[in-house]
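Return atomic coordinates for the entry below.
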Amino acid sequence: MARSYTLKSSPKPDGAAGGLDYASLLNEQQLEAVTSKPGAALVIAGAGSGKTRTLTYRVAYLLEEGYKPYNILLLTFTNKAAGEMLTRVGQLVPQDMHGIWGGTFHAIGNRILRKYGELLGYTSGFSIMDREDQTSLITQVRKESGLGKDGKKQAKRFPRSTVLADIYSITQNLDREIDDILHERYLQLEEYFNAIKTIGRGYTKKKLDSNAVDFDDLLCQPLKLLEAHQEVREHYQEKFHAVLVDEYQDTNPIQSRMIDLFAGKHRHLMVVGDDAQSIYSWRGADFRNIMGFDKRYPGAKVYKIETNYRSVPEVLTLANESISANIHQFEKTLVPARESKDFLPAIIQVQDPNQQACFIGQRIEEIVNELGLAYSDVAILYRAHFHSMEVQMDLTQRGTPFMLTSGPRFFEQAHVKDVSSFMRFISNRRDEVAFKRMLKLVEGIGDVTADKLWRSWLGCESSSNEHPLPQSFSKLFLGFNVPARSEVAWKQLAYTLDELIDPEDLEPVAPVHMITSIVEGVYDDFAKVAFPNYEQRMQDIEQVKRYSEQYETLEEFLTKLSLETNAERQEDKDDKDKVVLSSVHQAKGLEWPVVFVIWLTQGMFPNRKALEADDQSEDAMEEERRLFYVAVTRACDQLYLLHPMFRPGGRGYSDDYYQSPSDFITELPSELMEEWDIGTVW
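Prediction:
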């Protein structure tokens, strides 16, 4: 019979008592959370309130209270965040920090799977696939299954492996059935649902056979171990006496269940986050995790940290008012630590997106030249990447240095270049790059076939720019040899090129009509299966189409695109003094002295999907409002809120679309903002 032996708490290290003067290092609210008793605790840390500082000192406090490093688990969303916190703790206390389990959910999951993966059929030397490896394996499974190859129509349109990888990933992270995800997010692929599920099952089996996991498996497989194997679960529950979680509002269902299992025995769990900054539902974050914490942990203490060290009072007053419209939230009021600068947030109605861009460009020049700020002190934030097009163009023309964090420059995006390749080919029939880019949109045409087709085209008299445009591209193209699986798509491409020419005068049609024909004839079908973010890409192209309406000729339009794409950027890789253009999602956690928030109109910000949502319209609008709150709280000193009255919709002013101001600004008391009346001098 085994002998019972009970371990007692270790004595505190020498000098622990009063080792740090927490009361002098923390504000009252931070101190209360940091020195709280063991148990379940939810720390609601408002924007700019010192969330990282609170977590850091909590770890230091636990060590001073006698907790062993190897009994502490610190879960974060980036390795950088974990590293910075642990480095700071190491500077505060004398203990060796190496024993602490600190890192991302995926990093911790990897450690668990290395130790116990054999219970699921893995060996400890399993490979971790990156996205390229993942899509290659999915492609291999697809080929071996024969799916997507059994008919010309299907072969042309079957979803790319990158799209399939995205479907399988979101299914795992949301912990949902694949049928639900497909019907909610990928209805454009409805005819392939059965094949997608079959390939998914094959992909799962192939990973196990290959002793390989993808990034999502580093969450799902450790969770499976914890839930299905008692000895694994009890090992980690015994090991982790204290569990701390950063950015808790961003956790998905898988991560939430992992946390609950880790803390299942000692119930000593502190989660830190801000419900008002929960903005990532589209990638799996579940707002209910933070809002329902006290229901899963009855008696949990809730601490609020509301002193903001970032923004002036005028910005914080507006931020507090904006988020107050949300029903589902932990009520809190950000309190400024800084003094007023006598600058109310500016509300600016502009005529259209071009005037919006012009105002921003001119105001930035004044801020830099008159106020002495650097370009890097300024950020321009928006709901979607395509909102930034006119701003990019204006800054380029002014020679204002800027950097994009939301993606490549607008006209350099792959889908924009795909569409413009048709137009470039019509303008210059000797443009080999444009010709081959068009052909890459056809299933079954690779580099070798594209070379052959290019030579066939050069053999035609019409390939010379010295000759008139052909009356019919299709009569020429349909005589070329293409693989059998490419025939249907090849015909459609050829007929689309016919639509780009006026048959009477053999001149290119207007750019706006060309884009319509390219999208409807070829590109929409291609984009549906080529891009996980299909709708966003098509919004970009719609923006290009509207922009093209101001150009009568193809030459004018392509010249403008070329100048914008190849503009002198005045960029030096070591020079970081640039205006930042960013989506609000990517700006979370950052701050700038001056912030412009643009396109604050209904359908843009909040976006159209939130306005049109049915059963979840309240949830969708509340997340959009939280996104606006995040945008506002990025500003330290000056905040500019802009909303265009009109969006270009035709050649004449009367064809423009009226844009209603965003609910997020009309619901704010007018006295919180200063209205700027924009005049023009030309």
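
End to end on stretch 117-127, go ahead and measure it.
Taking Cα to Cα, to the nearest Å, stretch 117-127 runs 12 Å from one end to the other.

what do you get for stretch 226-243?
16 Å.

try stretch 235-249
Using Cα to Cα, the end-to-end distance of stretch 235-249 comes to 27 Å.

taking the mean pLDDT, what do you get for it?
Computed over stretch 235-249, the mean pLDDT rounds to 95.

That stretch: which residues count as buried?
236-237, 240-249 (16 or more other Cβ atoms under 10 Å). C-beta: built from backbone N, CA, C; applies to glycine.

Could you do stretch 590-603 as well?
Neighbour counts using 16+ other Cβ under 10 Å place 592-603 of stretch 590-603 among the buried residues.

could I get that stretch in CSV with only the CA atoms?
What follows is stretch 590-603, C-alpha atoms only, in CSV (Å, rounded to 0.1, in the frame of the first residue of the first chain):
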residue,chain,number,x,y,z
LEU,A,590,-0.7,50.5,-31.1
GLU,A,591,-0.9,54.3,-30.5
TRP,A,592,0.0,57.6,-32.3
PRO,A,593,-0.1,61.2,-31.3
VAL,A,594,-2.4,62.0,-34.3
VAL,A,595,-5.0,59.6,-35.8
PHE,A,596,-7.3,60.1,-38.8
VAL,A,597,-10.3,57.7,-39.0
ILE,A,598,-11.7,57.7,-42.5
TRP,A,599,-14.9,56.6,-44.4
LEU,A,600,-17.2,56.8,-41.4
THR,A,601,-20.3,56.2,-43.4
GLN,A,602,-23.1,53.7,-43.2
GLY,A,603,-22.0,50.6,-45.2
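
what mean pLDDT does it have?
Mean predicted confidence for stretch 590-603 is 96.

Can you tell me what sits against the longest strand anywhere in the chain?
Identified as the longest strand of the chain according to DSSP state E is strand 635-644. Strand 635-644 has contacts (Cβ atoms under 8 Å, 6 or more residues apart in numbering) with 310-312, 314-315, 318, 341, 343, 345-353, 355-356, 359-360, 363, 367, 591-601, 632, 659, 661-662, 665, 673.

Could you list the paired strands of it along with their orientation?
Sheet pairing of strand 635-644 (DSSP bridges) gives strand 346-350 (parallel), strand 592-597 (parallel).

Give me the helices and strands touching the next helix or strand after that strand, please.
Counting by DSSP states H and E, the element after strand 635-644 in chain order, helix or strand, is strand 646-647. Helices and strands touching strand 646-647, by 3 or more Cβ pairs under 8 Å, 6 or more residues apart in numbering; DSSP states H and E, are strand 657-658.

List of residues touching the strand it packs on?
For strand 657-658, contacts defined as Cβ under 8 Å, 6+ apart pick out 645-649.

ok so Ala41 is a strand residue?
Yes - per DSSP: H, G, I helix; E, B strand; the rest coil, Ala41 lies within a strand segment.

pretty sure it is touching Met270, no?
Yes - with contact defined as Cβ atoms under 8 Å, Ala41 counts as touching Met270 (4.5 Å).

can you pull the contacts of the nearest residue to His241 once chain neighbours are set aside?
Distance criterion Cβ to Cβ, 6 or more residues apart in numbering; nearest residue to His241, sequence neighbours excluded, is Asn71 at 4.0 Å. Contact analysis of Asn71 by Cβ under 8 Å, 6+ apart lists 239-242.

which among the residues you listed gets closest to Gln539?
Phe240 (44.8 Å; Cβ to Cβ).

pretty sure that closest one contacts Ile72?
Yes - applying Cβ under 8 Å, one finds Phe240 in contact with Ile72, separated by 7.3 Å.

Show me whatever sits in contact with both of those two.
Trp101.

what about the strands in the stretch 251-400 of the chain?
Taking DSSP state E, counting those that start in this stretch as the test, the strands found in the stretch 251-400 of the chain are 269-273, 301-305, 307-308, 335-336, 346-350, 378-382.

Adding mean pLDDT, write the ones you listed out as TSV.
Shown next, in TSV, are the strands of the stretch 251-400 of the chain (pLDDT from 0 to 100):
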stretch	mean pLDDT
strand 269-273	96
strand 301-305	95
strand 307-308	95
strand 335-336	95
strand 346-350	96
strand 378-382	97
